[in-house]
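Trainee: Quick one: sequence plus predicted model below, questions after.
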Amino acid sequence: YHLEFNIAEDIYHITGTEEVRYTNTETVALNEIQFRLFPNNLGGAMQVADLQVDGQTVTPRYDLGNSLMIVPLSNALEPGQSVVLQMNFAVTVPQEVELNYGVLAYYDEVLTLAHAYPMIGVYDDEGWNAEIPPQDGDVTYADTSFYIIKVTAPKGLTLVTSGQRLSFDEAGQIQTTIVANGPARDFYLAASPNFEEVTQTFGKVTIRSYARKEFKNGAQFALDVASKAIDVFGKRYAPYPYTELDIVSTPTLALGIEYPGAIAIADRIYDVAGEYRGSPTSDYMESTVAHEVGHQWFYGLVGDDQLDDPWLDESLTQFATLQYYTDLYGAAGADGFRASLEGRWARVENAKIPIGLPVAGYTGGEYGAIVYGRGPLFFVALKTEMGTDTFDAFLKEYSEANSWGVATPESMQTLAEKHCACELDAIFQEWVYP
């Protein structure tokens, strides 16, 4: 993707251009390419104009409430072939955070620009994946891509972007930033005139934390937790895949949200007591930051269908957070976090609802209770079944073998059975499958 975002003076109107080279990595020819226009699902609006395919003007068709743009190809795109698509787009960002936790919003002088460009969908064994995302779960299911992004914005904004800055310039009242990222499953930007930055390094990783001045203690706390989490997960799974991690305070209604090389944390939990343990806010902050950093491995490095198989990233990342507490705080830390998982499951009276349903398959409070509560306890049970050393080796290979790809429940079970030289149908049927 080569993207340009132009942020207007009012902050919530964005215009942009996109040029994307798409290569067919499937085994079948493709007669069309599907783009997701997520702002049209998220309370905002996106329009696309001047669409071209290899320099030829094309008229797309739309579906799913104009959130799906289907681009016909005059000649089928054979496996291994590439095509270049160009377009202009305009986005109106909603000024509220009620839809999908406020991932796309301008609210309280904070712009959160998630999924704000036409994104190519995923083609897999089901064909093109496209659906309107439920309110409870993640919005996207994406392959990895490479990005070069140019952002122009009013001079007074502090810009936070996924990826690495290549250049920065100011002219009059306008600032221009160019960043690059990849492999990555998305591009994320946040901005505010009120952000202040604190930074520290962990090994070769620069960690930057952005929040309002009154949240400086929380911003520093987030840095410290992120450093420890990168250490734990890097040793257990695979090295952290980037040289930078950005943490940004936003008014999201979720506690935290993950993006490649960046995490957004709810500003309401930034008022920490200054101690790692002991206050409810500090505990919320620590578990949330550790969880979102864990997503850099499970969602970012190892992808999955987040709408159909949310347990593969959310349940596994909750289990990774349990391992964070175990490695840092021993049995007492593990017991405390495990109790919180059990408490979540207890919200539905420990109903044995499968953890492997799609997001839309859960009703009421089931999604949070099952995917975030019962789901990580499945991995505890799997570890007991396989044995600690065998399980740890399996999860490390799972992380490395699926790097930048997309994992499935079947591929996970197959790899686990390879490591334990045993049949795991019974435990997967008990916990995962309907």
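Mentor: Okay, I see it. Not measured: the values here are computed from a predicted model. Numbering: from 1, shown residues only.
Trainee: Off-centre distance for the helix or strand bottoming out on mean pLDDT in the chain?
Mentor: In the chain, no helix or strand scores lower on mean pLDDT, DSSP states H and E than helix 280-294, which sits at a mean of 89. Centroid separation for helix 280-294 versus its chain: 16 Å, with CA atoms, centre = their mean, to the nearest Å.
Trainee: Moving C-terminal from whichever helix in the chain runs longest, which element do we reach first?
Mentor: With DSSP state H setting the assignment, residue counts place helix 314-346 as the longest helix in the chain. Sequence order places helix 366-369 as the next helix or strand after helix 314-346, per DSSP states H and E.
Trainee: then that next one to CSV, C-alphas only?
Mentor: Output of helix 366-369 as CSV, limited to C-alpha atoms (Å, rounded to 0.1, in the frame of the first residue of the first chain):
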residue,chain,number,x,y,z
GLU,A,366,-21.2,-14.8,26.5
TYR,A,367,-18.5,-13.4,24.3
GLY,A,368,-16.5,-11.8,27.1
ALA,A,369,-17.2,-14.7,29.5
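Trainee: for the following helix or strand past that helix, packing partners?
Mentor: Per DSSP H and E, helix 366-369 leads on to helix 375-386 as the next helix or strand towards the C-terminus. With contacts taken as 3 or more CB pairs under 8 Å, 6 or more residues apart in numbering; DSSP states H and E, helix 375-386 sits against helix 314-346, helix 388-401, helix 409-420, helix 425-431. From N, CA and C alone the C-beta is placed, and that goes for glycine too.
Trainee: doesn't Leu322 make contact with Val380?
Mentor: Yes - look at Val380 against Leu322 with CB atoms under 8 Å: they come within range, at 7.4 Å.
Trainee: Flag the shaky bits of the stretch 151-300 of the chain, pLDDT-wise.
Mentor: Applying pLDDT under 70 to the stretch 151-300 of the chain flags the ranges 273-281.
Trainee: what about the strands in it?
Mentor: All strands of the stretch 151-300 of the chain, identified by DSSP state E, counting those that start in this stretch, fall at 158-161, 164-171, 174-184, 188-192, 196-202, 205-211, 244-250, 256-259, 262-266.
Trainee: what's in contact with the third one?
Mentor: Same thing as strand 174-184. Residues outside strand 174-184 that contact it (CB atoms under 8 Å, 6 or more residues apart in numbering): 144-155, 157, 159, 161-170, 187, 241-242, 260-261, 300, 404.
Trainee: What residues sit buried inside that strand?
Mentor: Gln175, Thr177, Ile178, Val179, Asn181, Gly182, Pro183, Ala184 (16 or more other CB atoms under 10 Å).
Trainee: which residues does the spatially closest residue to Tyr259 that is not a sequence neighbour contact?
Mentor: Leaving aside its chain neighbours, Tyr259 sits nearest to Tyr188 (3.7 Å; criterion: CB to CB, 6 or more residues apart in numbering). Counting by CB under 8 Å, 6+ apart, Tyr188 touches Leu113, Ala114, Thr161, Ser162, Tyr259, Pro260, Ala262, Ala264.
Trainee: same thing but 10 Å
Mentor: By CB atoms under 10 Å, 6 or more residues apart in numbering, the contact set of Tyr188 is 103, 112-116, 160-163, 181, 246, 248, 257-264.
Trainee: Now name the helix or strand holding Ile148.
Mentor: Once you assign secondary structure using DSSP H and E, Ile148 falls within strand 145-154.
Trainee: just to revisit the earlier point, can you put the buried residues of strand 174-184 in a markdown table and add distance to Asp313?
Mentor: Shown next, in a markdown table, are the buried residues of strand 174-184 (distance: CB to CB, whole Å):
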| residue | distance to Asp313 |
| --- | --- |
| Gln175 | 34 |
| Thr177 | 29 |
| Ile178 | 30 |
| Val179 | 25 |
| Asn181 | 19 |
| Gly182 | 19 |
| Pro183 | 16 |
| Ala184 | 15 |
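Trainee: just the residues you listed now: which is nearest Thr388?
Mentor: Nearest to Thr388, judged by CB to CB, of these is Pro183 at 31.3 Å.
Trainee: distance of the closest one from Ile247?
Mentor: 21 Å (CB to CB, to the nearest Å).
Trainee: One more: Phe168?
Mentor: Between Phe168 and Ile247 the computed distance is 20 Å (CB to CB).
Trainee: Show me which of the two is the more surrounded one.
Mentor: A direct count of neighbours by other CB atoms under 10 Å for Phe168 and Ile247 places Ile247 higher, at 25 against 12.
Trainee: So what are the sheet partners of the strand holding Ile148 and their directions?
Mentor: Using DSSP bridges, strand 145-154 pairs in its sheet with strand 2-7 (parallel), strand 174-184 (antiparallel).
Trainee: Next up, the contacts around the nearest residue to Gln318 once chain neighbours are set aside.
Mentor: Computed as CB to CB, 6+ apart, the closest residue to Gln318 that is not its neighbour in sequence is Pro376, at 3.7 Å. Neighbouring residues of Pro376 by CB under 10 Å, 6+ apart: 311, 314-323, 337-338, 340-342, 344-345, 355.
Trainee: Over to Trp345?
Mentor: By CB under 10 Å, 6+ apart, the residues touching Trp345 are Ala351, Lys352, Ile353, Gly368, Ala369, Ile370, Tyr372, Gly373, Arg374, Gly375, Pro376, Leu377.
Trainee: rerun that using 6 Å as the cut-off
Mentor: Residues near Trp345 by CB atoms under 6 Å, 6 or more residues apart in numbering: Ala369, Gly373, Arg374.
Trainee: With Thr321 instead?
Mentor: Thr321 makes contacts with Ala290, His291, Gly294, as judged by CB under 6 Å, 6+ apart.
Trainee: what about it, distance to Asp10?
Mentor: Counting by CB to CB, the gap from Thr321 to Asp10 is 39 Å.
Trainee: Now Gln306: closest residue in space, sequence neighbours ignored.
Mentor: Nearest residue to Gln306 in three dimensions, chain neighbours excluded: Asp138, at 4.2 Å (CB to CB, 6+ apart).
Trainee: of Val380 and Leu322, who's got more company?
Mentor: Leu322 (25 against 15).
Trainee: residues contacting the more buried one?
Mentor: Phe337.
Trainee: separation between it and Ser315?
Mentor: Leu322 is 11 Å from Ser315, by CB to CB.
Trainee: hang on, the earlier thing: pretty sure the residue nearest to Gln306 sits in a strand.
Mentor: No - assigned with DSSP: H, G, I helix; E, B strand; the rest coil, Asp138 falls outside any strand and is coil.
Trainee: I'd like to know how far it sits from Ala266.
Mentor: Counting by CB to CB - Asp138 and Ala266 are separated by 16 Å.
Trainee: repeat for Phe428
Mentor: From Phe428 across to Ala266, the span is 34 Å (CB to CB).
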